[in-house]
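In: test case, fold it:
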Amino acid sequence: MSAMFRALGVRNYRLWFAGTLVSSVGLWMQRIAQDWLVLTELTDDDASAVGLTMALNFGPQLLLAPFAGVITDRVSRRALLVVTQIAMAVLAVGLGVLTVTGVVELWMVFGFALALGIASAFDAPARQAFVSDLVPVDRLGNAVALGATAFNSARLIGPALAGLLVAAIGTGWVFFINAATYLAVILVLGLLRRDDFTERRRSPRSASGFRDGLRYLRKRPDIRLVLVVVFLIGIFGLNFALFLATMVRIEFEAGPEALGIVSSIMAVGSVIGALLSARRERPRLRTVTIAGAGLALGLVACAAAPNLVTFAAAAVVTGFASLTMLTTANGYVQTMTSPAFRGRVMAVYLAVLFGGTPIGAPLLGAIANVAGPRWALLVGAAGCLLAAVIAAAFFVRTRQVRLRFVRRVWPLRVEYGNSSFGRELATTEIAIVEAETTKV
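Out: Below you'll find the model as predicted:
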């Protein structure tokens, strides 16, 4: 099997990959339907309401990280995932019933968003850490990248399908479809062979379980750097639901079909970024930094787009940069963390990733309301650039990277008529050499 897909050689991971792909299609469908419901049916193009909905979705992951990480390290991750999948399916059905019957109000959507956020706070770290139970350590980085590929391959299908279904049958039925996709994950969890699980050492039970994880992070400045970069980019750069919905609806005055298509087009870049990450032997910190700067440039291009077509093209670049950064950051944290602390560290990682959204989404939503969606994109780009600058400064200051100046001499000959003369052209190139980092 190709090195790009080597994790799929493990039966348990193949099943998990398939279930995740189906479930992710439903998740993307629900996100598009929920944003459109809030923006156009329950409010009059209120970007702040969309931002608040996103904050309620992701805020619990920040607040509940201490409990979710410890639980993930101590209990059966498969059993925990069954519980969270059932809970999220019930919530999707409930929101669908309220919407189809016409009694849904904005505060109800806020309540369901908060409840879904609580369930996701326990589901996300368990889902991330569970991958390490399915594959050997030498395939973990590849498995993480392929998981991101599945998630964003679903993003090619889910938003476009949701846009068509919202226009044809309404938002409520999309929530029912998402509820059905959770059954795919539950089915897969039942088919996995326990005997093939990778053995892991569970952390000892103690009252200071989460504090033990924080003490571990104090010894790992490289992982702390990733957390800082991810937090800043989570605040400013990853509010794509807000960016896309407001640009499509307000700037380009298009409907839900256009929103779904643009979201799917953006996913093309995301899938490419995830697949290229899967090709790499191991994730590197410099890739996180460069991709963060690339995300800033992509957001600037989106803000400057004069029409929907150029906006969609810029969204491909943005999707590529964002998934390269996220997949590399995720893979680095997972592969460079001791197995005994992986659940707690991943809980902190996801808390800072999604914990930025409750701060950034309402802020950027307010900016979009007052100054327009283009200014919200520019503020997001500035935050991503700040993250990249901080990472670069850290590398130089701690000697995690070295700048090596290489002088090259190039022969140059110029001919004019019957005359010619030659000289040498000297150039200086800067090579960036990253230091090796070992797992503690």
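In: any stretches of the stretch 201-350 of the chain with poor pLDDT?
Out: Confidence mapping of the stretch 201-350 of the chain against pLDDT under 70 gives the ranges 201-210, 274, 278, 280-281.
In: all helices for it, in order.
Out: Under the criterion DSSP state H, counting those that start in this stretch, helices of the stretch 201-350 of the chain are mapped to 209-218, 221-236, 240-246, 256-279, 285-304, 308-335, 342-355.
In: closest to residue 124 out of those helices?
Out: helix 342-355 (4.8 Å; CB to CB). Every C-beta, even on glycine, is put in place using the N, C-alpha and C of the backbone.
In: dump the closest one to CSV, keeping only the CA atoms.
Out: Taking Å, rounded to 0.1, in the frame of the first residue of the first chain, the C-alpha atoms of helix 342-355 are listed here in CSV:
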residue,chain,number,x,y,z
ARG,A,342,-2.1,11.7,25.4
GLY,A,343,-5.7,12.0,26.4
ARG,A,344,-5.1,15.0,28.7
VAL,A,345,-2.8,16.7,26.3
MET,A,346,-5.2,16.3,23.4
ALA,A,347,-8.0,17.7,25.6
VAL,A,348,-5.9,20.8,26.2
TYR,A,349,-5.1,21.0,22.5
LEU,A,350,-8.7,20.8,21.5
ALA,A,351,-9.7,23.2,24.3
VAL,A,352,-7.3,25.9,23.0
LEU,A,353,-8.3,25.1,19.4
PHE,A,354,-12.0,25.4,19.9
GLY,A,355,-11.8,27.6,22.9
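In: which helices and strands does it pack with?
Out: helix 47-63, helix 65-74, helix 106-134, helix 209-218, helix 221-236, helix 308-335 (3 or more CB pairs under 8 Å, 6 or more residues apart in numbering; DSSP states H and E).
In: touching the following helix or strand past it from outside, list them.
Out: Under the assignment DSSP states H and E, the closest C-terminal helix or strand after helix 342-355 is helix 357-371. For helix 357-371, contacts defined as CB atoms under 8 Å, 6 or more residues apart in numbering pick out 46-52, 54-59, 62, 234-236, 238-239, 242-243, 246, 250, 375-376, 379-380, 383.
In: mind listing what's buried in helix 357-371?
Out: By neighbour count with 16 or more other CB atoms under 10 Å, helix 357-371 contains the buried residues 357, 358, 359, 360, 361, 362, 363, 364, 365, 367, 368, 369.
In: can you get me a residue count around residue 101?
Out: 9 (other CB atoms under 10 Å).
In: so how far is residue 31 from the closest residue to it other than its chain neighbours?
Out: For residue 101, ignoring the flanking residues on the chain, the nearest one in space by CB to CB, 6 or more residues apart in numbering is residue 172 at 8.0 Å. Separation of residue 172 from residue 31 (CB to CB, to the nearest Å): 15 Å.
In: more crowded one of these two?
Out: residue 31 (22 against 19).
In: give me every residue that touches that one.
Out: Neighbouring residues of residue 31 by CB under 8 Å, 6+ apart: 158, 159, 162, 241.
In: pull out the buried members of those.
Out: 158, 159, 162, 241.
In: format those as a markdown table; extra columns: distance to residue 351 and secondary structure.
Out: Below are those laid out as a markdown table (distance: CB to CB, whole Å; DSSP: H, G, I helix; E, B strand; the rest coil):
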| residue | distance to residue 351 | secondary structure |
| --- | --- | --- |
| 158 | 25 | helix |
| 159 | 26 | helix |
| 162 | 28 | helix |
| 241 | 19 | helix |
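In: where is pLDDT lowest across these?
Out: Minimum pLDDT across these is recorded for residue 159, with 75.
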